[in-house]
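>>> Here's my sequence, what's the structure:
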Amino acid sequence: MSSINLLTGQIQSGKTSLCLAVSEAARQQGLRLGGLISPAVFDGGNKTAIDVLDLKTSGRRRLAELKGNQASELETIRWSFLPEAIEWGNRALLKAVPCDLLIIDELGPLEFYQDEGWVNAFSILESGRFQAALLVVRPSLLEEACRRWDVTKIVDLEGSAQRLSPQLLVQQLVEG
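Have a look, this model is predicted:
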């Protein structure tokens with residue numbers, strides 16, 4: 001039986017950093033990984049872009065840039081998303097399973113309410129072709145995520161989870 005686990009926390013609370021650490025710990029434990037992590041890109045200490053990393057192939061693309069004068073088909077208040085990167089990431093999601101640990105950073109308003117972003121994540125999660133999934137979801141979307149899936153565990157970075165070791169978290173996720 002597959003388990004679905006949520007990782008939540010406010011903006012810049014360390015969700016992506018924890019996903020990267022968990023993915024490295026899972027690799028060290030010999031687990032098959034799938035999914036996407038979206039690390040920030042910094043220039044002089046300022047977050048200027050977001051990349052997307054395919055955990056199965058280690059491929060990496062630029063996902064979004066700070067909104068400027070250029071118009072994009074897909075935008076949030078702060079970011080302009082690159083359509084070719086969204087397509088690439090969705091193709092990667094289709095190839096992410098089967099796996100032992102599926103990590104998706106993140107599922108947000110674009111996915112839940114606008115049918116944009118990592119839309120293939122929903123069919124992958126419904127497939128159950130993974131032992132455990134760790135999904136990054138903002139606190140404002142926790143209720144929606146819990147309505148959609150039978151959630152095994154919620155890891156909230158606002159609490160004691162900040163001190164949770166990635167190795168221990170991997171064990172908890174895959175051993176139930």
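
>>> going forward, measure contacts and count neighbours with C-alpha atoms only.
Fine.

>>> Residue 146 is in what secondary structure piece?
Element membership of residue 146, judged by DSSP states H and E, is helix 142-148.

>>> quick one: buried residues of that helix?
142, 145 (16 or more other CA atoms under 10 Å).

>>> contact partners of it?
Contacts to helix 142-148, defined as CA atoms under 8 Å, 6 or more residues apart in numbering, come from residues 8, 137.

>>> what's the next secondary structure element after it?
Taking DSSP H and E, what comes next after helix 142-148 is strand 151-156.

>>> Check which residues of that next one are buried.
154, 155, 156.

>>> What of stretch 62-74?
Quick answer for stretch 62-74 (16+ other CA under 10 Å): 62, 63, 64, 65, 66, 67.

>>> now the longest helix anywhere in the chain against strand 151-156, angle please.
Counting by DSSP state H, the longest helix found in the chain is helix 15-28. With axes from the mean of the first three to the mean of the last three CA atoms, to 10 degrees applied, the angle from helix 15-28 to strand 151-156 works out at 120 degrees.

>>> just to revisit the earlier point, farthest-apart pair in the buried residues of stretch 62-74, please.
62 and 67 (13.9 Å; CA to CA).

>>> And the buried residues of stretch 62-74, which is the shakiest by pLDDT?
When the buried residues of stretch 62-74 are compared by pLDDT, residue 67 scores lowest at 84.

>>> shouldn't it be in contact with residue 82?
No - using CA atoms under 8 Å, residue 67 makes no contact with residue 82, being 11.2 Å away.

>>> Show me what the residue nearest to residue 72 when sequence neighbours are not counted is bridged to.
Nearest residue to residue 72, sequence neighbours excluded (CA to CA, 6 or more residues apart in numbering): residue 80, at 5.8 Å. Beta bridges link residue 80 to residue 65, residue 75 when assigned by DSSP bridges.

>>> Surely residue 80 and residue 49 touch.
No - counting by CA under 8 Å, residue 80 does not reach residue 49; the two are 9.2 Å apart.

>>> Residues that sit against both of those two, list them.
With CA under 8 Å, 6+ apart, residue 80 and residue 49 have common neighbours 64, 65, 66.

>>> where do the helices sit along the protein?
Under DSSP H, the chain gives helices at 15-28, 83-94, 109-114, 120-127, 142-148, 166-175.

>>> closest to residue 13 among the buried residues of strand 151-156?
residue 156 (9.7 Å).

>>> first to last residue in stretch 114-127, what's the distance?
22 Å (CA to CA, to the nearest Å).

>>> swap in stretch 67-79?
5 Å.

>>> got the contact list for it?
64, 65, 66, 80, 81, 82, 83, 116.

>>> Dump those into JSON lines; add distance to residue 150 as well.
Converted to JSON lines, the contacts of stretch 67-79 look like this (distance: CA to CA, whole Å):
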{"residue": "64", "distance to residue 150": "31"}
{"residue": "65", "distance to residue 150": "34"}
{"residue": "66", "distance to residue 150": "35"}
{"residue": "80", "distance to residue 150": "32"}
{"residue": "81", "distance to residue 150": "30"}
{"residue": "82", "distance to residue 150": "32"}
{"residue": "83", "distance to residue 150": "31"}
{"residue": "116", "distance to residue 150": "23"}
